[in-house]
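> sequence and predicted structure are below.
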Amino acid sequence: MRIARDGWVLVAGPLAAGAACGLIGYREGWLAPAAWCAGLGAVGSLFMAYFFRDPERTPPADPGLLVAGADGLVRAVEDIREEKYLKADCVRISIFLSPFDVHVNRSPLSGVVRDLAYTPGRHLLTLRNAASEFNEHSSILIEGDRTRCLVRQIVGPVVRRVVYWLRLEQRIGRAERIGMMKFGSRLDMYVPRADVRVLVKKGDRVYAGVTPVAAVV
């Protein structure tokens, strides 16, 4: 199983801690606590390996289809004006991740990375619309041949880190890995409304790099 590149430390950490505590307990003759420590370390490591799993994904053949940027449930599809990056009337597709979803994010379209930003902020529940603007988040603007897409990785109220693995003016392919939600729980995709026909609705389950969420018109 492939592990996301930012996950190896967190996978190894519980295993090493459990082994160290177990060894100390064994040397002191505390066999039951030693076994518990080793077992908890192994369970923690297995959970982290599951959380940071990074399966391969193949996008649909039609290049005119934008794919989901994250695994999860579509919790909102709404029209909104985006002034900072796209300066256009947009459709915003919000995807919410559970702890059991793959947390590696992928590019919705092929194009060039035109802007990258990380914005500090609040840590509201990501179910709230205000979280998209006021929570700590990263913003990734990708310019394709026929449209543009702003991807926003939004931190949750508990464990609060999202990362992108990109550089400005980098050319990326559709469904290519762009970053990870390190226990973050919401990803928003903004696309100019005039450019696309939306293919998903609230409640749909989507998979990063695989599920079409919009078609370029």
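Yes, it's here. Numbering: from 1, shown residues only.
> need the three-state assignment for the residue of the chain most remote from its centre.
Distance from the centre of the chain peaks at residue 29, with 44.6 Å (Cα atoms, centre = their mean). Look at residue 29: counting by DSSP: H, G, I helix; E, B strand; the rest coil, its state is coil.
> quick one, what contacts it?
Under the criterion of Cβ atoms under 8 Å, 6 or more residues apart in numbering, residue 29 has no neighbours. C-beta coordinates here come from the backbone N, C-alpha and C atoms, glycine included.
> so what does it look like in phi/psi?
phi 80, psi 10 (degrees, to the nearest 10).
> which non-adjacent residue is nearest residue 217?
Leaving aside its sequence neighbours, residue 217 sits nearest to residue 197 (Cβ to Cβ, 6 or more residues apart in numbering; 5.4 Å).
> returning to what we had before: okay, the residue farthest from the centre of the chain: pLDDT?
Here the pLDDT value assigned to residue 29 is 76.
> same check, this time on residue 122
Note on residue 122: pLDDT of 65.
> one more: residue 190?
Looking at residue 190, its pLDDT reads 98.
> begin at 593 from now on, thanks
Renumbered: residue one is now 593, and that last one reads residue 782.
> my guess is it contacts residue 684. True?
Yes - judged on Cβ atoms under 8 Å, residue 782 makes contact with residue 684 at a distance of 5.2 Å.
> check the contact lists of the two and give me the overlap.
Shared contacts of residue 782 and residue 684 (Cβ under 8 Å, 6+ apart): 672, 674.
> quick one, helices of the chain?
Here the chain has its helices, by DSSP state H, at 600-619, 623-643, 723-726.
> of the ones you listed, which is nearest residue 800?
With Cβ to Cβ as the measure, helix 623-643 is the member of the helices of the chain nearest residue 800 (14.8 Å).
> which positions in the closest one come out as buried?
Buried positions in helix 623-643, judged by neighbour count with 16 or more other Cβ atoms under 10 Å: 626, 629-630, 633, 636-637, 640-641, 643.
> ok, stretch 770-780 next?
Neighbour counts over stretch 770-780 (16+ other Cβ under 10 Å) mark 770-780 as buried.
> so for residue 699, which of the helices of the chain sits nearest?
Residue 699 lies closest, by Cβ to Cβ, to one member of those: helix 723-726, at 19.3 Å.
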